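Participant: Pasting the sequence and the predicted model now:
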Protein chains: 2
Amino acid sequence: MKNLFASIPKDLEQEFFETVVQGEGIKVERIVSRGHRSPASGWYDQAQSEWVVVLKGEAIIAFEQEGDVVLEPGDHIDIPAHKRHRVKWTDPEQETVWLAVHYSRRKA
Amino acid sequence: MKNLFASIPKDLEQEFFETVVQGEGIKVERIVSRGHRSPASGWYDQAQSEWVVVLKGEAIIAFEQEGDVVLEPGDHIDIPAHKRHRVKWTDPEQETVWLAVHYSRRKA
């Protein structure tokens, strides 16, 4: 058994990504940020959909179309494939722990 | 945007299950327990694998082979398909909020 809030590297110079579990067309990832953000230019444009929740800390995701969304602990959001977004801000004063589930939408 | 710790029904006579997001071969579920447990006889024997994390509260999962595992906030465990288990105990004094990801293992 592991804990999502444990084993966080002390040196968070880089954002920390860890695959928690992986299956057929699905990956659960733990992300730890501390002041990290996406590069100022450009957007994430992902082939898979991504469901994301902030478990600790605070973050702002910017969407190209809809603007900013502030995420506090427990807040979750579903990002469909190819919906352009970026991480605009994460709290520099504490670790922000995210869980992301990468998955594919059902075929209609 | 929704919050995993909000919109918890006041009446938790029954355990609360909610599908958070669903995709191709994958379902993310929020479960809220308050003293609930599995029926004393019998085991869960699931066709899909299940990754589960306790986000709030406390629970004990019993495995047929390995015995009991206590889960506190952040603790997560991966339950392969057909690994027989049951929820032996959840805290009766507070809500236990779980997240469960039902998925299929990769074909070898």
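Facilitator: Thanks, I have the structure now.
Participant: who in chain A is up against chain B?
Facilitator: A:1-6, A:20-26, A:28, A:49, A:51, A:53, A:55, A:69, A:71-78, A:99, A:101, A:103-107 (Cβ under 8 Å from any Cβ of the partner chain). All C-beta spots, glycine's among them, are computed from the backbone N, C-alpha and C.
Participant: Pairing-wise in the sheet, spell out the partners of the residue lying closest to residue A:85 once chain neighbours are set aside.
Facilitator: Distances taken as Cβ to Cβ, 6 or more residues apart in numbering or on different chains place residue A:63 nearest to residue A:85, at 4.9 Å, with adjacent residues excluded. Beta-bridge pairing for residue A:63 (DSSP bridges): residue A:67, residue A:85.
Participant: OK, contacts around residue A:63?
Facilitator: Counting by Cβ atoms under 8 Å, 6 or more residues apart in numbering or on different chains, residue A:63 makes contact with A:69, A:83-85.
Participant: burial count for the residue lying closest to residue A:70 once chain neighbours are set aside?
Facilitator: Leaving out its chain neighbours, the residue that sits closest to residue A:70 by Cβ to Cβ, 6+ apart is residue A:60, at 5.4 Å. Other residues lying near residue A:60 total 15 when counted by other Cβ atoms under 10 Å in any protein chain shown.
Participant: who's in contact with residue A:60?
Facilitator: A:68-71, A:87-90.
Participant: do the same with residue A:88
Facilitator: With Cβ under 8 Å, 6+ apart, residue A:88 has these contacts: A:37-38, A:60-62, A:68.
Participant: Serialize these to a markdown table and add fields for pLDDT.
Facilitator: Formatted as a markdown table, the contacts of residue A:88 follow (pLDDT from 0 to 100):
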| residue | pLDDT |
| --- | --- |
| A:37 | 89 |
| A:38 | 87 |
| A:60 | 97 |
| A:61 | 96 |
| A:62 | 95 |
| A:68 | 96 |
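Participant: Let me know the closest of the residues you listed to residue B:33.
Facilitator: Closest approach between the contacts of residue A:88 and residue B:33, by Cβ to Cβ: residue A:61, at 30.1 Å.
Participant: Now do the same for the closest residue in space to that closest one that isn't next to it in sequence: helix, strand or coil?
Facilitator: Excluding the flanking residues, the one nearest residue A:61 by Cβ to Cβ, 6+ apart is residue A:69, at 5.0 Å. Under DSSP: H, G, I helix; E, B strand; the rest coil, residue A:69 falls in the strand class.
Participant: Residue A:69 is in contact with residue A:79, isn't it?
Facilitator: No: the pair residue A:69 / residue A:79 is not scored as a contact, 10.0 Å apart, by Cβ atoms under 8 Å.
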